[in-house]
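> Based on what follows, work out the 3D shape:
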Amino acid sequence: MDKSREELEKEYAEATAKLEQYQHRGQRYENRIRYYTQGERKKRNHRLITRGGAVESIAPEVRGMSERAFFLLMEKVFSLPEVAALVSQATDQQESG
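The predicted model follows:
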């Protein structure tokens, strides 16, 4: 009934190997999560840069504005009823298209 030292050492080695496998698997999952999270962040950064560049190309005057002045301007622009209607219309077209 009692296990020999060799059997115990073998079980210990197997358990240690399994533990290392699970640790590696956990590390792979963490790496995968980090990869997808960074991918989403990169997409968002690209989108923001592209749209900011579009605003600057349409209205070059905004290049010299402070961040605060730019945000105040954007709040005023996007609060105009005509702009809100255009944004809504463009969003509706994108969803149906």
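> what are the phi and psi angles of K3?
Phi and psi for K3, reported as degrees, to the nearest 10, are phi -80, psi 150.
> okay, now the residue nearest to it when sequence neighbours are not counted: neighbour count?
For K3, ignoring the flanking residues on the chain, the nearest one in space by Cβ to Cβ, 6 or more residues apart in numbering is E11 at 7.6 Å. (Each C-beta comes from the backbone N, C-alpha and C, glycine too.) Number of residues near E11 (other Cβ atoms under 10 Å) recorded here: 11.
> L86 versus D92, what's the distance?
11 Å (Cβ to Cβ, to the nearest Å).
> got it, and S96?
Noted for S96: a distance of 16 Å to L86, by Cβ to Cβ.
> Now do the helices in this structure.
For the chain, the helices defined by DSSP state H cover 5-58, 67-79, 81-96.
> Include mean pLDDT when you put the ones you listed into a markdown table, please.
Listed next are the helices of the chain as a markdown table, based on pLDDT from 0 to 100:
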| stretch | mean pLDDT |
| --- | --- |
| helix 5-58 | 93 |
| helix 67-79 | 95 |
| helix 81-96 | 90 |
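> so R63 touches S57, yeah?
No: at 10.0 Å, R63 and S57 do not qualify as touching, with contact defined as Cβ atoms under 8 Å.
> Okay, domains of the protein per the record?
Domain assignment of the chain by automatic domain parsing yields the ranges 1-64, 65-97.
> now the longest one, how far from the chain's geometric center?
Here domain 1-64 shows a centroid-to-chain-centroid distance of 12 Å under the convention Cα atoms, centre = their mean, to the nearest Å.
> ok, now the last one?
Domain 65-97 has its average C-alpha position 23 Å from the chain's average C-alpha position, going by Cα atoms, centre = their mean.
> Go through it and flag the buried ones.
For domain 65-97, the neighbour count (16 or more other Cβ atoms under 10 Å) marks no residue as buried.
> what comes into contact with stretch 83-96?
V77, F78 (Cβ atoms under 8 Å, 6 or more residues apart in numbering).
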